[in-house]
Every structure is written in C-alpha cells, then in structure tokens.
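[1] Whatever this is, show me its structure:
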Amino acid sequence: MGARKKSPTLRITVCAMLTALGVVALLLGSLLDSLDLSAAAIASVLCIYAVIEIGGSAPWLIWLATALLGLVLLPQKSPAAFYLFIGCYPILKEKLEKLPRHTGNLLKALCFAVMVALSALVLLIFFPTELLYEKKWMTIGVAALGYATLWLYDFALSRLITFYLVRLRNRLGLKWKK
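    Modelled structure (predicted):
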C-alpha cells in the first residue's frame, strides 16, 4: 500500500475519527474514577498521528474538539478537564524538542506546571466536588508525582513516536504524501 494523497475529505475524516476515539478514551476514564489522568494521556496520544501525518492546525483542532466534547458529554468532567490542559502536550512536544535540550526540558516542566494548575483551577471553580485535597501535603505529593509522571510520559511518547516512524508507518501504509 503506497502513500496516500492528502485530500480535504480524507483529512476531515481522519480528524473526526481521532476526535471520536479521544472522546471514547475520555469516556472510559469518566466511568472509572481511577483512570481520569490515564484516559487524558491516552486520548492525547491520538494527536501524535495528526502531528506527524496531517500537520498544520489539525492536531490543535482535534485536541480542542475532543476536550470540548468531553466537557459537554461526559458524566464525570475530570478526564476532559485534565485533557483540556494536558492533552496538548504531544503537540507542544514537537515544538519544544526543536529547542536546545536544557531550554526545551525547562519549558516542558513549566508548561506542565501551568497545565496542571489550570486544570485543577477549572475543576475547583466549575466542578468543586471533582477534585478535593484536604491536606496540603497531599497537594505537594501529587505535584511531585506529576513531575515524575511527566518525564515518564515524555519518554514514552518519544519511544512511541520512534516506533511509529521506524516500524509502523511504512508497514501499515499510513504515510501520506506531503
């Protein structure tokens, strides 16, 4: 199977399918309380394909549509709120990895801190029963675990992107003509 031409219809169809898959992943996280962050991370991985193959504004539109549909449709809003801020990380990762290594890592950590703080703020303001930490040490512990998870997630994304580019892209025939 050869490379596919980027027709507008195919682009829209692929973007719609990636958005729908993202909402389904968020729905699974919404139904199982302990999977809200995992569901947001899994849904954000879907943007990688759009970043690599489609490019342009498509990954941003997929991210935004998935987040908004999740906030509107899901019974529990925390996976969608986390996705709203953390889900754009794979898109930002491409841009930040073009910078020098230490600068990129510092900006990744800063972006992550801002994203987590904004998602927690949205949950506290609009959905106060979704996120409650009674003790300050729990908040500090969650933040420390969050940074450890960021670097693990970043490493896993890099490996997944490499695996897709080296092994899967040509075998599956998913490469598009530029």
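[2] Tell me who's in contact with the closest residue to Cys88 other than its chain neighbours.
    Using Cβ to Cβ, 6 or more residues apart in numbering and skipping the chain neighbours, the partner closest in space to Cys88 is Trp63 (5.1 Å). Yep, even glycine has a C-beta here, placed from its N, CA and C like the rest. Taking Cβ atoms under 8 Å, 6 or more residues apart in numbering, we find Trp63 in contact with 44, 47, 87-88, 91.
[3] go on, Arg11?
    54, 58.
[4] Got the confidence number for it?
    pLDDT recorded at Arg11 is 85.
[5] and it, what element?
    Taking DSSP states H and E as the criterion, Arg11 maps to helix 8-31.
[6] Need the contact partners of the very next helix or strand once past that helix.
    Remark: after helix 8-31, the chain's next helix or strand is helix 36-49, criterion DSSP H and E. Applying Cβ under 8 Å, 6+ apart, the contact partners of helix 36-49 are 14, 18, 21-23, 25-30, 59, 62-63, 66, 70, 76, 78-80, 82-83, 86-91, 149, 153, 157, 160-161, 164, 174.
[7] do you know how far the residue nearest to Cys88 is from Ser158?
    Using Cβ to Cβ, to the nearest Å, Trp63 is found at 19 Å from Ser158.
[8] Val23 - how many residues pack around it?
    A count of neighbours around Val23, defined by other Cβ atoms under 10 Å, yields 23.
[9] Then the one 10 residues further on?
    Residue neighbour count, defined by other Cβ under 10 Å, stands at 11 for Asp33.
[10] any idea how far it lies from Ser78?
    Using Cβ to Cβ, we find Asp33 at a distance of 8 Å from Ser78.
[11] So in this structure, which helix runs the longest?
    Looking across the chain with DSSP state H, the single longest helix is helix 136-163.
[12] where are the low-confidence patches of the protein?
    Scanning the chain with the threshold set as pLDDT under 70 gives 1-6, 119-120, 122-123, 127-139, 142-143, 173-178.
[13] picking that back up, buried residues in the longest helix of the chain, which are they?
    For helix 136-163, burial by neighbour count (16 or more other Cβ atoms under 10 Å) applies to 146, 149-150, 153-154, 157, 161.
[14] Nearest to His102 among those residues?
    Nearest to His102 among those is Asp154, at 14.3 Å by Cβ to Cβ.
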